[in-house]
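any chance you could fold what I've pasted below:
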Amino acid sequence: MPPIPKMKKSQCTFVANRKDLLARVRLARRVTPSRTAKAILQHIRVTVDSQVTLTTTDQEVGLVQSDNYEHEGTTDVLVNAKQIDTLLGKLKCAEVTCSIGDSGATFDVSTSTARFSLPITELVQDFPPVSTDRAGDVTAVVDAGDLAQLLRQTRYAATDAQSTRYALGGVLCEIGPQILTCVATDTQRLVVHSAHAETVEAGQGIVPSSAVDIVARLLESGPVSLALHRSAPGASGATDYTSITVSALGWVVHSRLVEGRFPKYEQVIPQRFEHVVTVPVVALRESLEAVSLVCDDSMLSCSLCFNGDAPLSLHCSSLDNGESTAQVPVVAVIGQECCLTIELNSQYILDYLLSLNKWAVSVDLHLIDAKSACLFSADGQARGLIMPLRNR
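Purely as a prediction, here's the structure:
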């Protein structure tokens, strides 16, 4: 086997841990569109200056990641995201050295035994800019752990991107006095969760689900800043927020906000309930997972039968798979004696229970009657409102 030719000294070189760089590239690829008429959007902008920065955008969501990799010189080039992802994924080495070829037409990746040259085919000046402005008209600073919990316990309900009446394809972020509230709904369920935040003014915007997913993957520890950016006043004098910047040490996500109205969720949640029944989280989740095995995709109905302080009875059935029943112990009952049966979507209940933190011990079910929504709540965690199913 002939020896690998030694690299000539490049105008710019940086050394990175392969696994770390691969993780950043794969996160960047979650932003790059898989199909687009603009091939340049399928590239990662690699900028080496005081830091090594990777930038991607689909012109709706932009992601900027920075790291203090050991580097020498400066550069600003575009690298095909799929090519660099595939290459780094196939290599087995601990570190890679990245550089610009002598002609400036290739992005070179080298190990101790091999060198690969990826062609540079797009001009960096044609790449759409991504805003990294961390100062907005309305800002909030929240702990990364709190924000991660907010997003995890609300994002799953933002599933109706096709709604024509409301803008439901994202999570409503509402900044208030010393509080950040996240809300998501698909009209059949509603999830609300709040956390303490350092805020200046009040404002709100609907963050698209794609941007929420990116931010959720980036959250680790420390403070996270959210900034809402305002457009010019409209004809009525009202001002709208058009974009949001979420940032922390080493990364920035900039996204357009979803246009349209979000339901007035405060008016949907009943102010008064007749019954509050407390049951163990794990027992309810495991029993529901078991009985829902007989449900088919077209009928995810589960009957919850309450009878005072007697165990909660769960019942599911389908024509093809038969029926199943399980009982869940009741820890406490508050209010009038609860004797009713309500039918709820079993998957909606499971989605809520699975979003709770592992240390959640019990969950409260707030009830009015069999035809009204049921509110699920756990101490210090999200509230989930689920609409009852029509009688079969």
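
burial of Gly136, as a residue count?
When neighbours are defined as other Cβ atoms under 10 Å, Gly136 has 21 of them. C-beta here means a position set from N, CA and C on the backbone, and glycine is covered the same way.

may I ask you to confirm that it belongs to a strand?
No: per DSSP: H, G, I helix; E, B strand; the rest coil, Gly136 lies outside any strand segment and is coil.

need the contact list for it.
Gly136 sits next to Leu226, Ala227, Leu228, His229, Arg230, Ile244, Thr245 when contact means Cβ atoms under 8 Å, 6 or more residues apart in numbering.

quick check: which of those has the minimum pLDDT.
Ranked by pLDDT, the contacts of Gly136 bottom out at Arg230 (81).

could you pull out the strands in the stretch 151-300 of the chain for me?
170-176, 179-185, 189-196, 198-199, 203-208, 223-230, 241-248, 251-256, 275-280 (DSSP state E, counting those that start in this stretch).

can you list those strands in TSV and add distance to Ile40?
TSV is the format used below for those (distance: least, Cβ to Cβ, whole Å):
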stretch	distance to Ile40
strand 170-176	26
strand 179-185	33
strand 189-196	37
strand 198-199	37
strand 203-208	21
strand 223-230	24
strand 241-248	21
strand 251-256	18
strand 275-280	54
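
and of those strands, who's closest to Arg26?
For Arg26, the closest of the strands of the stretch 151-300 of the chain is strand 251-256, at 14.2 Å, according to Cβ to Cβ.

what sits up against that closest one?
Identification of contacts with strand 251-256 by Cβ under 8 Å, 6+ apart yields 60-66, 130-134, 207-208, 210-211, 214-215, 218, 242-247.

Leu54 should be in a strand, yeah?
Yes: using three-state DSSP, the assignment for Leu54 is a strand.

so who does it touch?
Residues in contact with Leu54 (Cβ under 8 Å, 6+ apart) are Arg24, Val25, Ala28, Ile44, Arg45, Val46, Leu63, Val64, Gln65, Ser66.

that one pairs with what?
Beta-bridge pairing for Leu54 (DSSP bridges): Val46, Gln65.

how close does it get to Arg256?
Distance of Leu54 to Arg256, computed by Cβ to Cβ, to the nearest Å: 21 Å.

can you check Ala39 too?
Distance of Ala39 to Arg256, given as Cβ to Cβ: 22 Å.

more crowded one of these two?
It is Arg256, of Ala39 and Arg256, that has more neighbours when counted by other Cβ under 10 Å, with 17 against 10.

ok so, going back, just the buried members of the contacts of strand 251-256?
Among the contacts of strand 251-256, those classed as buried by 16 or more other Cβ atoms under 10 Å are 61-66, 130, 132, 207-208, 210-211, 214-215, 218, 243-247.

dump the contacts of Leu54 into TSV; add distance to Cys339 as well.
Shown next, in TSV, are those (distance: Cβ to Cβ, whole Å):
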residue	distance to Cys339
Arg24	57
Val25	58
Ala28	56
Ile44	61
Arg45	63
Val46	66
Leu63	53
Val64	57
Gln65	56
Ser66	60
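
in JSON lines, list the residues you listed along with pLDDT.
JSON lines is the format used below for those (pLDDT from 0 to 100):
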{"residue": "Arg24", "pLDDT": "95"}
{"residue": "Val25", "pLDDT": "96"}
{"residue": "Ala28", "pLDDT": "95"}
{"residue": "Ile44", "pLDDT": "96"}
{"residue": "Arg45", "pLDDT": "96"}
{"residue": "Val46", "pLDDT": "96"}
{"residue": "Leu63", "pLDDT": "96"}
{"residue": "Val64", "pLDDT": "96"}
{"residue": "Gln65", "pLDDT": "96"}
{"residue": "Ser66", "pLDDT": "95"}
